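**Q** The amino acid sequence is not available; the structure is as follows:
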């Protein structure tokens, strides 16, 4: 029974959520290489030809607008047409290298996640103090049964939270693959003032998904820090273990609930960093 109680305490206090977010430290290629290459193949074989047609249509419309606006002004029209052609050439280059643009955004996100994780290893990899393990062993059988009752709901919430982390991380990577599979299409609208908001919106959306991983890491670190600072685990003994944990029952339940609230709102927090909250 003592081992079960220790396991429950580790799930509640010892940064169990951090294990579900370890995959955030892997790149989009390493997380699922086959899904990444499939998304790239879809973008190259199916989406880029459509994007090229859209760029051609936008260029034709732009030239038609110039011809109507600058009728009889040959010199000015020539200059504007040259500018339009240069813009179109740059747009085509951008479309051809959309994968490099996304790779730069992914690299920036991976760097931030790595730096954030390195700053908080002591928080996300917390271990229960040895004195607490000894306190559990010193507790009577009756108190151990009471401990299991007190810890059951917090442990269950912590288990649900740990699963939720894995699901949210999976969804984050899935969104990256889906968005990268069709990335060229919205970028094709960048060349027209009336449609460039589509491309900008896509880049903001993709950037928000990249930063989503950063928010998850920060939320886990903050939660783990609060959980440990809320109760003096090192000061617990076999005599006061049950009474102290019972006294802090509300905090034991409230912690995982607040964590899941922040976790499911982490995407919104990430988008707000780009002014799209």
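**A** Perfect, I can see it now. Since we're looking at a predicted model, the values are computed, not measured. Residues are numbered from 1 along each chain as shown.
**Q** Skipping adjacent residues, who's closest to residue 114 in space?
**A** Spatial nearest neighbour of residue 114, excluding adjacent residues (C-beta to C-beta, 6 or more residues apart in numbering): residue 25 at 6.2 Å. Every C-beta, even on glycine, is put in place using the N, C-alpha and C of the backbone.
**Q** Please report how far residue 184 lies from residue 48.
**A** Residue 184 sits 5 Å away from residue 48, going by C-beta to C-beta, to the nearest Å.
**Q** Next up, the contacts around the residue nearest to residue 114.
**A** By C-beta atoms under 8 Å, 6 or more residues apart in numbering, the contact set of residue 25 is 110, 113, 114, 117.
**Q** Next, count neighbours for the closest residue to the first one other than its chain neighbours.
**A** Leaving out its chain neighbours, the residue that sits closest to residue 110 by C-beta to C-beta, 6+ apart is residue 27, at 5.6 Å. Neighbour count of residue 27, defined by other C-beta atoms under 10 Å: 13.
**Q** Can you pull the phi/psi pair for residue 27?
**A** Backbone torsions of residue 27, given as degrees, to the nearest 10, read phi -80, psi 170.
**Q** Got a quick ChimeraX command for the buried subset of the contacts of residue 25?
**A** For anyone working in ChimeraX, the buried entries among the contacts of residue 25, judged by 16 or more other C-beta atoms under 10 Å, can be selected with:
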select :110,113,117
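**Q** Sitting in strands, which of the contacts of residue 25 do you find?
**A** For those, not one is inside strands, with DSSP state E as the criterion.
**Q** Can you lay out the contacts of residue 25 as JSON lines showing pLDDT?
**A** Converted to JSON lines, the contacts of residue 25 look like this (pLDDT from 0 to 100):
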{"residue": "110", "pLDDT": "91"}
{"residue": "113", "pLDDT": "88"}
{"residue": "114", "pLDDT": "86"}
{"residue": "117", "pLDDT": "78"}
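**Q** could you dump the contacts of residue 25 to TSV with distance to residue 201?
**A** Output for these, formatted as TSV (distance: C-beta to C-beta, whole Å):
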residue	distance to residue 201
110	23
113	24
114	28
117	30
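**Q** quick one: which of the contacts of residue 25 is nearest residue 168?
**A** residue 113 (14.1 Å; C-beta to C-beta).
**Q** and the closest one, what does it touch?
**A** Taking C-beta under 8 Å, 6+ apart, one finds 24, 25, 213, 214, 217 in contact with residue 113.
**Q** quick one: pLDDT of residue 121?
**A** Here the pLDDT value assigned to residue 121 is 55.
**Q** And residue 91, by the same measure?
**A** Residue 91 is given a pLDDT of 84.
**Q** which residues does it contact?
**A** Counted by C-beta under 8 Å, 6+ apart, residue 91 has contacts 55, 188, 190, 191.
**Q** Could you report the distance from it to residue 59?
**A** 9 Å.
**Q** And the top helix by length along the chain, what does it pack against?
**A** The single longest helix within the chain, with elements called by DSSP state H, is helix 141-181. Applying 3 or more C-beta pairs under 8 Å, 6 or more residues apart in numbering; DSSP states H and E, we find helix 141-181 packed against helix 2-13, helix 16-20, helix 28-31, helix 33-42, helix 98-119, helix 196-230, helix 241-247, helix 249-264.
**Q** Just list what the helix or strand following it packs against, helices and strands only.
**A** Later in the chain than helix 141-181, the nearest helix or strand by DSSP states H and E is helix 184-187. Counting contacts by 3+ C-beta pairs under 8 Å, 6+ apart, helix 184-187 is packed against helix 48-69, helix 74-96, helix 98-119, helix 196-230.
**Q** Can you check which of those gets nearest to residue 4?
**A** Nearest of the helices and strands packed on helix 184-187 (C-beta to C-beta): helix 196-230, 19.8 Å.
**Q** Nothing else from me, thank you.
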